[in-house]
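Chemist: Let me see the structure of the following:
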Amino acid sequence: MDELKELRTIFNAHRNPENAAGMKKYMKDLFPFIGLKMPERKKLEKEFYDRTSILQKPFNPIFVEELWKLPEREYQYAALGYLERYSKKLGPDSLLFLKWLITTKSWWDTVDTLASKPVGILAKKYPEIQAEMDKWAVSENMWLRRTSILHQLKYKNETDQKRLYTYIRENTGSKEFFIQKAIGWALREYSKTNPISVKEFILSTELAPLSRREGSKYLD
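Modeler: Residues are numbered from 1 along each chain as shown. Now for the predicted structure:
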């Protein structure tokens, strides 16, 4: 794929081993890095878009998939940036592909972006997707559960409170840090819109200390 080759050429010309070592350490040594910090990567992505006509074409999941398969983490970030540009044009049939991205090379840095952006946009636009979110909330895969809890993060007044609280209750017994953190984050964000409801929920629900602390951050 010409676009893939072009992006790799641009990124590889700016490799920074010193940055890469620090970024890899920050990510618990889970992924290798080229060494591109966000401002530089964003600048190089723009250069890539200016050099190619990829944005004039329909969304290409194969391009995203090929980026996802490359070892360096910056390529997954680039895939998310490309995907975000098409988020509002995706249909409900895209959910299976997004599920693959969530459950492949999973870590908070990619999962949280997928949850709050493309998945969240799809779930709001296509109500039938909520049934799948219900399944994800009790999935054996931790990252799908985290996604279900976080997908309404940007909904504000359009938050389905009943569904949010149901997902949280279904996961309050989890010992997983990333689930406890997601619960707290979701509650904290929703408390900006409905602090009284969140306060009542926290007081009446047995939550992990981390979830309670994070969720109460903006409450009196």
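
Chemist: And this protein, what are its domain boundaries?
Modeler: Using automatic domain parsing, the domain parsing of the chain gives 1-85, 94-220.

Chemist: So which of those is the most surrounded?
Modeler: domain 94-220 (a mean of 18; mean count of other CB atoms under 10 Å). Every residue, glycine included, has its C-beta placed from N, CA and C.

Chemist: how far out from the middle of the chain is that one?
Modeler: 11 Å (CA atoms, centre = their mean, to the nearest Å).

Chemist: what about that domain, start to end distance?
Modeler: 41 Å (CA to CA, to the nearest Å).

Chemist: what is the mean pLDDT for it?
Modeler: Throughout domain 94-220, pLDDT has a mean value of 98.

Chemist: Same question for stretch 53-70.
Modeler: Rounded mean pLDDT across stretch 53-70 is 97.

Chemist: what does that stretch contact?
Modeler: 1, 3-4, 7-8, 49, 75-76, 78-79, 82-83, 85-86, 89-90, 94, 97, 101, 104-105 (CB atoms under 8 Å, 6 or more residues apart in numbering).

Chemist: for stretch 127-138, same thing?
Modeler: For stretch 127-138, contacts defined as CB under 8 Å, 6+ apart pick out 92, 95, 122-123, 144-145, 147-149, 151, 160, 163, 166-167, 170-171.

Chemist: Please repeat the previous calculation with a cut-off of 6 Å.
Modeler: The contact list for stretch 127-138, computed with CB atoms under 6 Å, 6 or more residues apart in numbering, reads 92, 95, 122-123, 144, 148, 167, 170.

Chemist: mind exporting that stretch as CSV, just the C-alpha atoms?
Modeler: Output of stretch 127-138 as CSV, limited to C-alpha atoms (Å, rounded to 0.1, in the frame of the first residue of the first chain):
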residue,chain,number,x,y,z
PRO,A,127,-29.3,3.1,19.4
GLU,A,128,-29.1,-0.6,18.4
ILE,A,129,-25.4,-0.6,19.3
GLN,A,130,-26.4,-0.2,22.9
ALA,A,131,-27.3,-3.8,23.1
GLU,A,132,-23.7,-4.7,22.2
MET,A,133,-22.5,-2.3,24.9
ASP,A,134,-24.6,-4.2,27.4
LYS,A,135,-22.7,-7.4,26.4
TRP,A,136,-19.4,-5.7,26.5
ALA,A,137,-20.1,-4.5,30.1
VAL,A,138,-20.0,-8.1,31.3
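
Chemist: State the distance from Gln76 to Trp68.
Modeler: Distance of Gln76 to Trp68, given as CB to CB, to the nearest Å: 6 Å.

Chemist: and if you look at Lys181?
Modeler: Taking CB to CB, one finds Lys181 at 24 Å from Trp68.

Chemist: Next: Leu7.
Modeler: 13 Å.

Chemist: just Leu55 next, same as before
Modeler: Distance of Leu55 to Trp68, given as CB to CB: 19 Å.

Chemist: and stretch 69-88, how far from the chain's centre?
Modeler: Centre-to-centre, stretch 69-88 and its host chain are 11 Å apart (CA atoms, centre = their mean).
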